[in-house]
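Trainee: model the following, please.
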Amino acid sequence: MAKKRVVVGMSGGVDSSVAAYLLKEQGYEVIGATMQIWQGQERQTQEENGGCCGQSAVEDARRVAQQLEIPHYVMNFKEEFKDRVIDYFVEEYLAGRTPNPCIACNRYVKWESMLRRSLQIGADYIATGHYARIAVTPEGRYAVRSSVTAKKDQTYALYNLTQEQLAHTLMPVGEYTKDRIRSIAAEAGLTVAEKPDSQEICFIPDHDHAAYIEREAGRRVPGSGNFVTVDGQILGKHQGITHYTIGQRKGLNLAMGRPVFVIEIRPETDEVVIGEAEDVYGDTLYCDQINYMGMADLPYPREVFAKIRYAHGGERCRIEKVAEDVIKCSFHKPVRAITPGQAVVFYEEGYVLGGGCIRRKQ
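Mentor: Okay, here's the model as predicted:
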């Protein structure tokens, strides 16, 4: 019987490298592939700041592939990344929202584009180094399941994957803790065993997202506007709405004599609304662009566990469909910084039921 062929998305880091190693040990025919997404920056910039997909990542992945004696290819997804991730990121900030580029990259580049390319070369699956697992629910649907380590769990950023994508995906790293993954890498003699994890947004080398948006959007970037209270009192001038996000306290430069926070961004008037700590909390949100994963639909209200950002610990809530593509989430306890543009992800017994894009809080 022929071995199943799997293309492993190798970022040059320890997680994806061990994913390739584990799958080879399990008897798969493994092919390594690294995405090329950088938009023409100088080689030195890529090497210094390449994150998960820069030139240094390509070279690290190639070295690991040589160690594992598997073929390695570089797949060019520059166009898809520009369209689906960079342009989306910029437009969301201009609209006063706070996007999550990793979710967009996972759905449209790492899966949609890489899976299509992999199937074209005869692969049965793609695989990544995400800390998550894939399971089939009692209803027969594919769903992302929490990894064995809550500390590294990455299911939140994977909620938008489709049934077709999940059916062709393997995630071997989800069965291990990070420490165990590093020890497996060391035992296998992989050169990346102690390589630090990549941080921040991979396509913004200096981590200054506002400056990046200004470079990309040019004249369309809104200039300075007013900090205001909820009732419209002007408190001072801000640098431009792309510099702020909901819940932000630092960098406001407002002499209020007490901590104050961003509680709303109004792109139509270029206003940033300032409030007290308690104003940052809310118990109701509305989301759209729903992706149903562990559940096929939401025909009635349902009690679930929900996360409103990657680092959110989660809270119980009641979800109900109020329009064809709109779900209302009512939390049992107020949650901090409900942020338009971020995702809300629904869980039940460790499985991702689905999720959507936060549009507003009530």
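Trainee: quick one: low-confidence parts of the protein?
Mentor: Along the chain, the model assigns pLDDT under 70 to residues 1, 39-54, 199.
Trainee: helices along that one, start to end?
Mentor: 14-25, 43-49, 55-68, 78-81, 87-94, 101-105, 114-120, 163-167, 178-187, 209-217 (DSSP state H).
Trainee: buried deepest among these, which one?
Mentor: For the helices of the chain, the largest average neighbour count (mean count of other CB atoms under 10 Å) is found in helix 14-25, namely a mean of 24. To be clear about C-beta, it is placed using only N, CA and C from the backbone, and glycine gets the same treatment.
Trainee: starting at the chain centroid, how far to that helix?
Mentor: 21 Å (CA atoms, centre = their mean, to the nearest Å).
Trainee: start the count at 36 instead of 1 going forward.
Mentor: Shifting the count to begin at 36 puts that one at helix 49-60.
Trainee: one step back: for the helices of the chain, give me JSON lines that also has distance to residue 376.
Mentor: Below are the helices of the chain laid out as JSON lines (distance: least, CB to CB, whole Å):
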{"stretch": "helix 49-60", "distance to residue 376": "27"}
{"stretch": "helix 78-84", "distance to residue 376": "24"}
{"stretch": "helix 90-103", "distance to residue 376": "27"}
{"stretch": "helix 113-116", "distance to residue 376": "19"}
{"stretch": "helix 122-129", "distance to residue 376": "5"}
{"stretch": "helix 136-140", "distance to residue 376": "10"}
{"stretch": "helix 149-155", "distance to residue 376": "25"}
{"stretch": "helix 198-202", "distance to residue 376": "23"}
{"stretch": "helix 213-222", "distance to residue 376": "29"}
{"stretch": "helix 244-252", "distance to residue 376": "13"}
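Trainee: residue 335 is nearest to which of those helices?
Mentor: Closest of the helices of the chain to residue 335 is helix 198-202, at 21.6 Å (criterion: CB to CB).
Trainee: need the contact partners of the closest one.
Mentor: Contact with helix 198-202 is made by 146, 147, 150, 169, 176, 177, 178, 179, 328, as judged by CB atoms under 8 Å, 6 or more residues apart in numbering.
Trainee: picking that back up, and the helices of the chain: which comes nearest residue 337?
Mentor: For residue 337, the closest of the helices of the chain is helix 198-202, at 19.4 Å, according to CB to CB.
Trainee: just the C-alpha atoms of that closest one, please, in PDB.
Mentor: Provided in PDB are the C-alpha atoms of helix 198-202 (Å, rounded to 0.1, in the frame of the first residue of the first chain):
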ATOM      1  CA  GLN A 198     -14.500  21.300   6.400                       C
ATOM      2  CA  GLU A 199     -12.700  20.600   3.200                       C
ATOM      3  CA  GLN A 200      -9.500  22.100   4.500                       C
ATOM      4  CA  LEU A 201      -9.700  20.200   7.800                       C
ATOM      5  CA  ALA A 202     -10.300  16.900   6.000                       C
END
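Trainee: list the contacts of the residue lying closest to residue 132 once chain neighbours are set aside.
Mentor: The shortest distance from residue 132 to any non-neighbouring residue, by CB to CB, 6 or more residues apart in numbering, is to residue 376 (3.0 Å). Going by CB under 8 Å, 6+ apart, residue 376 touches 127, 130, 132, 133, 134, 135, 392, 393.
Trainee: of the helices of the chain, which is nearest residue 332?
Mentor: It is, among the helices of the chain and with distance given as CB to CB, helix 198-202, at 13.0 Å.
Trainee: on that earlier part again, tell me the one among the contacts of helix 198-202 nearest to residue 346.
Mentor: residue 179 (17.7 Å).
Trainee: with that, I have no additional questions.
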